[in-house]
Each structure stands twice: as structure tokens, then as C-alpha cells.
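In: how would this look folded up:
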Amino acid sequence: MSSGMIWGIVAIAVVVLLVLVIGIYNRLVTFRNRFKNAFAQIDVQLKRRYDLIPNLVESSKAYLKHERQTLEAVIQARNQASSAMQQVSADPSNAGAMKTFLGAESALSGVMGRLFAVMESYPDLKANQTIAQLMEELTSTENKISFARQAFNDSVMEYNTKRESFPDNIIAGPFRFDAAELLQATESAEERKAPKVSFT
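Out: I've put the predicted structure just below:
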């Protein structure tokens with residue numbers, strides 16, 4: 001074999017390797033962008049929920065005068081969850097921000113459950129048309145959040161599987177394609193029980 005032929009084979013091998021690396025890199029970028037887009041869909045629904053909560057609290061104040069502490073806890077938890085959501089929205093691949101967000105969402109779910117339980121004991125409140133409409137919108141939004149959360153987790157699973165598979169894992173490390181966090185429920189089994197709310 002002549003040296004020219006050897007250099008030709010080496011050049012072809014380098015080009016093939018470079019094309020392979022570029023292809024893997026671009027595929028990882030695609031999967032990372034998919035899960036970031038999936039989180040953006042959750043973000044839209046969470047903002048809607050965060051907007052509905054103060055309206056529900058404000059509409060309930062006249063009926064729940066003796067439950068001021070519960071109402072304040074709801075607003076505080078809502079504000080903390082909203083702040084955590086803004087941080088994680090900036091970078092859904094940030095594991096620390098995701099854990100803070102999940103903790104804030106868990107706290108918000110807990111105080112909302114307490115609010116719903118308190119609301120159950122006020123018949124006039126249950127009969128209020130505005131409250132009933134807000135509750136219906138909130139329930140609809142919660143359903144949309146659940147579907148968006150599932151889509152996000154599916155996208156994260158695809159991305160994490162891709163970045164951990166050979167030969168993609170060779171490219172993922174040096175180019176900082178870090179593992180993404182799933183949106184998992186952080187509440188206890190008792191907290192997972194949905195509060196029963198009936199405005200009939």
C-alpha cells in the first residue's frame with residue numbers, strides 16, 4: 001500500500017467519524033429540545049392555574065373570614081410555586097431547580113387540599129356561581145397539567161435513554177448533555193389522595 005492510499009483511508013475514516021459525531025450531537029440536541037418544549041407546555045398550564053388561585057381565594061374571602069390563615073397559606077404557596085416554576089422554566093434540565101419546583105408544587109397541592117376541605121363546610125360558598133366556575137376551570141387546568149406532565153416525562157425518558165445509549169453516551173458527556181429529571185410526585189401516599197370537592 002502506498003502512503004497516499006493510507007492517507008486517503010485515514011481521511012475517509014476521519015470524515016466518517018466526524019459525520020457520526022455530528023449526527024449523534026444533533027440527535028441529542030433534538031431530544032433535549034423536545035423535553036424542553038414539553039416543559040413549556042406544562043408552563044402554560046401552570047401559569048393559568050397560578051392565575052386562577054388568587055381569584056378563587058379572593059372570591060372565597062367573604063365566606064371564609066375565619067379561615068384567613070388557610071387563605072394566606074394558599075397565596076404564599078402559590079407565590080413560591082410560581083417563583084420555582086420561573087426558575088425551572090429557564091432551564092428544565094437543571095436538576096436542582098426541578099427538585100425545588102417539585103417541592104413547591106407539592107406544598108401548593110397540600111394547602112389547596114386544605115382549602116378545598118374548608119370550603120366543603122360552607123354551604124353558601126358551595127352555592128356561589130363564581131366559585132363553582134373557578135373550581136371547574138381549576139379542575140380542567142389540573143387535567144391539562146396531568147397530560148402535559150406525562151408528555152414531558154415521556155420526552156425526558158427518550159432523551160435520557162438516548163444520552164445513556166452507546167455510542168451517544170460517548171458524545172453526551174463531553175458536550176454536557178446532562179440527565180434530565182422526571183416530574184415525579186413528591187407527596188406522601190396520604191397527600192396523593194385527591195381531595196373530594198363537591199359543589200352540588
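In: check which helix or strand covers S59.
Out: Following DSSP states H and E, one finds S59 within helix 3-60.
In: just checking, what packs against that helix?
Out: Counting contacts by 3 or more C-beta pairs under 8 Å, 6 or more residues apart in numbering; DSSP states H and E, helix 3-60 is packed against helix 68-90, helix 95-120, helix 129-164, helix 168-172. The C-beta positions use only the backbone N, C-alpha and C, and glycine is treated the same way.
In: let's go with 7 Å and repeat that
Out: Packed against helix 3-60 by the contact rule (3 or more C-beta pairs under 7 Å, 6 or more residues apart in numbering; DSSP states H and E) you find helix 68-90, helix 129-164, helix 168-172.
In: Figure out which of those is closest to I6.
Out: helix 168-172 (25.7 Å; C-beta to C-beta).
In: What is that closest one packed up against?
Out: So helix 168-172, by 3+ C-beta pairs under 7 Å, 6+ apart, packs with helix 3-60, helix 129-164.
In: Rebuild the ones you listed as a markdown table, extending it with distance to G113.
Out: A markdown table is the format used below for these (distance: least, C-beta to C-beta, whole Å):
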| stretch | distance to G113 |
| --- | --- |
| helix 3-60 | 13 |
| helix 129-164 | 12 |
